[in-house]
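J.: Here is the input, now give the coordinates:
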Amino acid sequence: MRWWRWAWTTPQATKWHKGFTEALARRASLEDEYAKALKSPDVSGAPRLLAYMFKYDETFGLTPLAAAKQHIVFVDEPVEPKAVGKDATVTPMRNRLKSMRD
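T.: Residues are numbered from 1 along each chain as shown. Coordinates of the predicted model:
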């Protein structure tokens, strides 16, 4: 359930439709199978499950490359400008450019 809730909060979820529900449920169940495989004495099945999980993630655009292919752009929140104190001096742009030429 944790993966299911997380997946639906991603930006990619806005592009999913009802037809994706069954495949998404299968991907979510792979999380449980993977956790069980890691706890079992024979962990040889875990890498195979990871391969399936990665394939599903690519299909749904949950990897960076797949998101780029789907033209999903992640934008950072704008940073608030820092306040300038009263004693701060501002160098005019012309003076900066002059110092670069010298």
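J.: Ala13 against Trp4, yeah?
T.: No. Using C-beta atoms under 8 Å, Ala13 is not in contact with Trp4, being 10.7 Å away. Every residue, glycine included, has its C-beta placed from N, CA and C.
J.: Helix or strand with the lowest mean pLDDT in the chain?
T.: Scoring the helices and strands of the chain by mean pLDDT, DSSP states H and E places helix 93-101 at the bottom, with a mean of 73.
J.: what does that one contact?
T.: Contacts of helix 93-101 with the rest of the structure, by C-beta atoms under 8 Å, 6 or more residues apart in numbering, involve no residue at all.
J.: Please work out which residues outside the helix of greatest length in the chain touch it.
T.: As assigned by DSSP state H, the longest helix anywhere in the chain is helix 21-39. Contact partners of helix 21-39, identified using C-beta under 8 Å, 6+ apart, comprise 1-4, 7, 16, 43, 45-46, 49-50, 52-53, 56-57, 59-60.
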